[in-house]
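Asks: no FASTA, just this:
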């Protein structure tokens, strides 16, 4: 990267060119981000506002969508609701204002929990295995290292739907169908290829002299790995882990085909959030917003490593 | 991207000179043991979850197995492959996929490279706007694809409203998802929206890798900006662009999530890409043997094309 403040007499763009470039980029960014803002806005609309024509930009915000997302409700007559004791909580009040009574929590909580368990489980496993393998490839002479690294990469190129057919058969046979452990193993296998490639790049950048000094001081290989290499690789490991987590969190195809209820995560579930009389868009939008928000935060946190992550470490800046 | 590290470390050389048993006693595990201990678990996991099923799929592709029936089906030889390759519908699905891949890649290159060139002007706030543009790429294609169905609603969707407003037509007069003419372009549009940032980010890295002195030399030679673009910028960015195209071509060739939730292949089968066909054959019609054969054909296509492409990429890099 060149220093922006350094004098660059030749290739410095003119102020006008800069301003035009800025205008074009901002215009694209605003148009590209609008669908996401619309999702966020719909989460706070009432059902009537969500499907109003013309589409409403200004509306009175409400938490109905979130209440609908997390609860199961039954429709009751106005008289029946009038006879009930006053609502104990704000969400009960929101439901009753629309002649609904809350019957219990919805299944969305279980799905979120599955997303978290499977996401973190596979991330921890893949990062652990990936760190070990990357260190092995980075520091030792492994026979056929090039071929093994390419093999690891090639497993990622397989289309999920094509792999899902035999994995479905295998999981039925092993009793792993619709289990969290089955999904964790599968996502670990998909993520480990990314983890090895990324982490090898990060570990290659740590000077070997540090470990060699530790070995001379009487550390064993394993001690040198644990006490010298790992602390140096911490940023790389964290970035890799976030990439693995994002993949597991977003994954749809495997989860759709290899689970039915017990191990289902959010992505296959969200399209089936329906209310009375068709799709309850505020509830869908509320679920979508809660689901996407952590990824937005992670993307901002990962800015500097994004390029590496999406190219398997092939492009590093 | 080189993998081997020729310079063997001091410790490694020392360890190789000492007899193995002594090395173990002196320094814990030998380096060779550590290397295999570290690499093997990953290899075993990949063999179990990727290679074993792949081999199984190849075997199943020669049978008439239906996974929802109890008794195993017999060996049918190449019948599944012949059925697939002579099926006019499958070829139609490949054409749908080719249309999808071609147009999303073309649009991604044009818009992605264009944005990268603009962002490379380094105006104030460019890194903030770059991050904003990157967001769609990081989000779940399934979840976002599902939400696009609301945006595309003919009556109430904001997309139709905005297009109708600017084009002067009634918003309910066209349906992005329900129309045979528009649906193939709808999946191109959403995919381009989602993945253009990917191409942009890689092109940006390419642009930033070009040293300033090359442009300075060109200025001295009084090369016009257009000429500088064609003979400096484009050739230097090309390897990066080709890498982005490789990743994106594979990505869109096997795209399933977004298409499944946005159009699920419809109306009719005008957006039925090969992944959708495969999912229907395997998990709706339960023709497991047939679906396995289609899966094998997909693998071979991807690996064959990727192989040819990587050779081309290496050739360009050497130029």
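Replies: Right, received. Where do you want to start? Just so it is clear, the structure is predicted and the values come from calculations on it, not from any experiment.
Asks: And the helix or strand where residue A:80 lies, how far out from the chain middle?
Replies: If you go by DSSP states H and E, residue A:80 is part of helix A:78-83. Relative to its chain's centre, helix A:78-83 lies at 44 Å (C-alpha atoms, centre = their mean, to the nearest Å).
Asks: Identify all contacting residues around that helix.
Replies: Contact with helix A:78-83 is made by A:96, A:99, A:101, as judged by C-beta atoms under 8 Å, 6 or more residues apart in numbering or on different chains. Backbone N, C-alpha and C define where each C-beta goes, glycine included.
Asks: so who does the first one touch?
Replies: For residue A:96, the set of contacting residues under the criterion of C-beta under 8 Å, 6+ apart consists of A:81, A:84, A:87.
Asks: can you redo those residues as CSV with pLDDT?
Replies: Listed next are those as CSV, based on pLDDT from 0 to 100:
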residue, pLDDT
A:81, 82
A:84, 84
A:87, 83
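Asks: just curious, which of those is nearest to chain B?
Replies: Here the nearest of the contacts of residue A:96 to chain B, counting by C-beta to the nearest C-beta, is residue A:81; it sits at 29.3 Å.
Asks: what about that closest one, how many neighbours?
Replies: Neighbour count for residue A:81, taken as other C-beta atoms under 10 Å in any protein chain shown: 16.
Asks: what's the answer for the one 3 residues further on, then?
Replies: Number of residues near residue A:84 (other C-beta under 10 Å) recorded here: 11.
Asks: cool, and the one 10 residues further on?
Replies: Counted with other C-beta under 10 Å, the burial measure for residue A:94 works out to 20 neighbours.
Asks: list the contacts for it?
Replies: Residues in contact with residue A:94 (C-beta under 8 Å, 6+ apart) are A:62, A:63, A:64, A:67.
Asks: Now a PyMOL select for only the buried ones of these.
Replies: A single PyMOL command selects the buried members of these (16 or more other C-beta atoms under 10 Å in any protein chain shown):
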select buried, chain A and resi 62+64+67
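Asks: Surely residue A:268 and residue B:142 touch.
Replies: Yes. Residue A:268 lies in contact with residue B:142 (C-beta atoms under 8 Å); the separation is 7.3 Å.
Asks: Please enumerate the shared neighbours of those two.
Replies: Here residue A:268 and residue B:142 have residue A:252 as joint contacts, going by C-beta under 8 Å, 6+ apart.
Asks: pLDDT and secondary structure added to the contacts of helix A:78-83, as a markdown table?
Replies: Shown next, in a markdown table, are the contacts of helix A:78-83 (pLDDT from 0 to 100; DSSP: H, G, I helix; E, B strand; the rest coil):
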| residue | pLDDT | secondary structure |
| --- | --- | --- |
| A:96 | 83 | helix |
| A:99 | 80 | coil |
| A:101 | 83 | strand |
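Asks: export these to JSON lines and tack on distance to residue A:174?
Replies: Shown next, in JSON lines, are the contacts of helix A:78-83 (distance: C-beta to C-beta, whole Å):
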{"residue": "A:96", "distance to residue A:174": "48"}
{"residue": "A:99", "distance to residue A:174": "49"}
{"residue": "A:101", "distance to residue A:174": "44"}
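Asks: what's the distance between residue A:160 and chain B?
Replies: According to C-beta to the nearest C-beta, to the nearest Å, residue A:160 stands 7 Å off from chain B.
Asks: Confirm for me that that residue is in contact with residue A:254.
Replies: Yes. Proximity of residue A:160 to residue A:254 meets the contact threshold set by C-beta under 8 Å, at 5.7 Å.
Asks: where along the stretch 1-150 of chain B do the helices fall?
Replies: B:10-17, B:20-27, B:31-46, B:52-60, B:79-85, B:88-119, B:126-138, B:141-151 (DSSP state H, counting those that start in this stretch).
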